[in-house]
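Engineer: I'd like to go over a predicted model; first the sequence, then the structure.
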2 protein chains.
Amino acid sequence: MALLIGPKDYENEPPRHPALRINAKEPFNAEPPPSALVASYITPIDMFYKRNHGPIPILKDPSSYRLEITGLAPKKLSLSLEAIRSLKKHTVVATLQCAGNRRTAMSDTRKVKGVGWGISALGNGIWGGVLLSDVLELAGIPCYTRRSANGGKHVEFISVDQCKEEKGGPYRASVPLLQATDPEAEVLLAYEMNGEELTRDHGYPLRIVVPGVIGARSVKWLASIDICPIECQGFFQQQDYKMFPPWVDWNNIVWPSRRPLMDFPVQCAICTPSDGSFIKTGTTVKISGYALSGGGRGIERVEVSLDGGRTWIEATRLQSGRSAPSNSYISDVDEQREKWAWVLWEYSTTMTPPTTIIAKANIVVDSSPKPRSFNNSLNHIASAPALDKAIY
Amino acid sequence: MALLIGPKDYENEPPRHPALRINAKEPFNAEPPPSALVASYITPIDMFYKRNHGPIPILKDPSSYRLEITGLAPKKLSLSLEAIRSLKKHTVVATLQCAGNRRTAMSDTRKVKGVGWGISALGNGIWGGVLLSDVLELAGIPCYTRRSANGGKHVEFISVDQCKEEKGGPYRASVPLLQATDPEAEVLLAYEMNGEELTRDHGYPLRIVVPGVIGARSVKWLASIDICPIECQGFFQQQDYKMFPPWVDWNNIVWPSRRPLMDFPVQCAICTPSDGSFIKTGTTVKISGYALSGGGRGIERVEVSLDGGRTWIEATRLQSGRSAPSNSYISDVDEQREKWAWVLWEYSTTMTPPTTIIAKANIVVDSSPKPRSFNNSLNHIASAPALDKAIY
Ligand SMILES: [Mo]
Ligand SMILES: [Mo]
């Protein structure tokens, strides 16, 4: 037997790039330095953040692998890698982002449990594989199905790794059937990353990629897809990756009372210069970072302030190697933008005496101003769903 | 001839409720008092805001009416009211909101041109009619079409009113073909409002309702639907209802540089007590208002602060006559919520000395906290995309 298996120990971990910043060794959780993120629009595989909940699975004999489609699927399927690769190939550029990205900064406001991520628990990849909607059609579920004929409403992805949080069981997560069967949502069964076969750290031989959604739903080392009447009841869907109001704490939390996080929030982060840098007055500095929003909602613009938020200048946005100038909206050309991908942004300036740089991003939808802030400075923030700062 | 016509003058305006607050008489633009809004989940027709750009059209002989489907439709159609009513009836509860709602408050921050709306340029209606996606199927365009076989990518709705801004031409607006052909988007050709035939002020005999989108796209007195290769080039799509960055003013504005507003932003407003009320210390007061978000994204929770933003309490949310308690999330039950409708909210309390009441709403998606605010009070706002206040 040489099936895909999740080992019990860390004896067979893959090699990793020494520049990664390790947040936890076993399971291995690491992110690149922020400056590496903005070095390229497509994040190199070895610089892509690694997020694991157990030892990395092993597949010795690829010909032995089968993806099982089970549960409320009208037709059960058992697909070899060869069978999957013979289906129509689809490629999507999508940024994956851990729900815990920037958790360390969140904890400045209030202590958050979990791995202490910096600002680099995300990366932008080119994912190659087959559309989940195509595979579900083969299993007898047509495109755009909210509820299948026999009552399926969720699609659960089940891995083979041994997770402590699941008491040694595999990682699993689900998305609604409507999203899974929507070709426009581009949920992918990916076997390639950046044009190469998936590496073990990123889910070899097959993983899910759910564009625009927190990384926690993009299950790696996929073993089976279960069509279910209810949402995944596993730890990572029901007892992790949820947001609670400020008056909830660990003593009074009621896990089922809030929905699982799905689309990630709009983010805007400064990657260079690094936080707390000393820069000589008069030096020309390139301020750069990333901005992205969940659900494919896009980034309308990025603004930078060099005076602590008093005045703002629009930054240059870059996507897919092309510059998106400030007057970039062209109906229909625009629809071809890489909606699931981040934008990298930059603004070059000559540094003046000690200051705070702030960057903020506006998303494309829901970008109207929010009236009636209770003072003027708040109004800037009310219209700025995401911001980052660096102090000099 | 007794076709649907847009008169030149205001000799034949319909009667209106005297409680409406008139912002402009000709064309007639008016909104109800805020307290009337929270009096019922479904807004009565006579209390629904009226938004017009010219004299109200007249249809003397309903049997003469024809809706024309033209342009890049594979099959051209000319549909009588009888033909439209014979199609499968669809009902949707949706809040319509003028893009200019709260413009007066916006102008506290910066002067905005246009009708000076208060906080009541919105209403929640039950719309009855036929799905646009069903009608487009009859015209030869299948569901979920991004681009039709002959190059159609937008669906333009054309009225018959005489608008000054269009130099006497009719009001018109478009939505993308993909949205128009998506049954889940529930774009409606409505002939009923709250179970009654549409009134003249609200678009008799037929109007568009685009749920979750600014009212400006829900064209009234519909005469034709044109399948186009490009977005509507009319005034209201290209030179109005757009948002510009703070450094753009009337001297340097480049209209085509920004996209037309579509989904409206998250809103949260206090309707009672009214702004600037005097309330005796010790009186029990019901604080109430509405909250809604565009694009069907829902309202996760509403919070009220009685101490100027220092502490927050969750308000009770009401939708469809049912209470949505704070631990309201139940997977799948939840999907039946009225996603296009507002929630009304309330919180009763005993008033203490002069204070500022603030209400804020969080939307369901994109509700993760925004890390790294540059002071603590901003963090509240960064996680509060919409707020309102009343000063006592
Ligand atoms: Mo994650
Ligand atoms: Mo409007």
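Structural biologist: Perfect, I can see it now. Every value quoted in this text rests on a predicted model; they were computed, and no experiment measured them. Numbering: from 1, shown residues only, chains lettered A, B, ... in the order given. Ligands and ions are numbered 1, 2, ... in the order given.
Engineer: least trustworthy helix or strand in chain A by mean pLDDT?
Structural biologist: Every helix and strand of chain A was ranked by mean pLDDT, DSSP states H and E. The lowest is helix A:376-382, at a mean of 23.
Engineer: which residues of the stretch 101-250 of chain A lie near chain B?
Structural biologist: For the stretch 101-250 of chain A, the contact set with chain B under C-beta under 8 Å from any C-beta of the partner chain comprises A:102, A:105-106, A:108-109, A:143-144, A:146, A:153, A:176, A:178, A:184, A:230-231, A:243, A:245-247. (Each C-beta comes from the backbone N, C-alpha and C, glycine too.)
Engineer: selection in ChimeraX covering whichever of those residues are buried, please.
Structural biologist: The ChimeraX command for the buried members of those (criterion: 16 or more other C-beta atoms under 10 Å in any protein chain shown) is given here:
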select /A:102,105,106,109,143,144,153,176,178,231,243,245
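Engineer: keep only the residues of the stretch 101-250 of chain A next to chain B that also lie close to ligand 2.
Structural biologist: When those are checked against ligand 2 using C-beta under 5 Å from the ion, none falls in range.
Engineer: mind checking which of the residues of the stretch 101-250 of chain A next to chain B are in strands?
Structural biologist: A:Pro176 (DSSP state E).
Engineer: any idea how far the one residue in the stretch 1-150 of chain A that gets nearest to chain B lies from A:Gln233?
Structural biologist: Nearest residue of the stretch 1-150 of chain A to chain B (C-beta to the nearest C-beta) works out as A:Ala105 at 3.7 Å. A:Ala105 sits 31 Å away from A:Gln233, going by C-beta to C-beta, to the nearest Å.
Engineer: kindly report the same for A:Pro170.
Structural biologist: From A:Pro170 to A:Gln233 the distance is 13 Å (C-beta to C-beta).
Engineer: what residues does stretch A:175-187 touch?
Structural biologist: Residues from elsewhere that reach stretch A:175-187, judged by C-beta atoms under 8 Å, 6 or more residues apart in numbering or on different chains: A:90, A:92, A:94, A:131-134, A:136-137, A:141-148, A:152-155, A:157, A:208-211, A:213, A:217, A:227, A:262, A:340, B:144, B:146, B:178, B:184, B:335.
Engineer: which of the residues you listed are buried?
Structural biologist: The neighbour count (16+ other C-beta under 10 Å) marks A:90, A:92, A:94, A:131-134, A:136-137, A:141, A:143-145, A:147-148, A:152-155, A:157, A:208-211, A:213, A:217, A:227, A:262, A:340, B:144, B:178 as buried among these.
Engineer: all helices for the stretch 151-300 of chain A, in order.
Structural biologist: Taking DSSP state H, counting those that start in this stretch as the criterion, the stretch 151-300 of chain A contains helices spanning A:177-180, A:235-238.
Engineer: of those helices, flag the one that's most buried.
Structural biologist: helix A:177-180 (a mean of 22; mean count of other C-beta atoms under 10 Å in any protein chain shown).
Engineer: more neighbours: which of A:Pro170 and A:Gln233?
Structural biologist: A:Pro170 (22 against 14; other C-beta atoms under 10 Å in any protein chain shown).
Engineer: check what pLDDT the more buried one gets.
Structural biologist: Per-residue pLDDT puts A:Pro170 at 96.
Engineer: for ligand 1, see how far away it is.
Structural biologist: In this view, A:Pro170 and ligand 1 are 16 Å apart by C-beta to the ion, to the nearest Å.
Engineer: what does A:Trp221 give?
Structural biologist: In terms of C-beta to the ion, A:Trp221 sits 15 Å off from ligand 1.
Engineer: give me the number of residues near the residue lying closest to that residue once chain neighbours are set aside?
Structural biologist: Using C-beta to C-beta, 6 or more residues apart in numbering or on different chains and skipping the chain neighbours, the partner closest in space to A:Trp221 is A:Pro57 (4.2 Å). A:Pro57 is flanked by 24 other residues according to other C-beta under 10 Å.
Engineer: in the stretch 251-392 of chain A, where is pLDDT below threshold?
Structural biologist: Applying pLDDT under 70 to the stretch 251-392 of chain A flags the ranges A:321-336, A:353-354, A:364-392.
Engineer: need the per-residue pLDDT for the closest residue to A:Phe157 other than its chain neighbours.
Structural biologist: Leaving out its chain neighbours, the residue that sits closest to A:Phe157 by C-beta to C-beta, 6+ apart is A:Val219, at 3.8 Å. For A:Val219, the model assigns a pLDDT of 98.
Engineer: backbone torsions only: list them for A:Lys50.
Structural biologist: Per-residue torsions, A:Lys50: phi -110, psi 130 (degrees, to the nearest 10).
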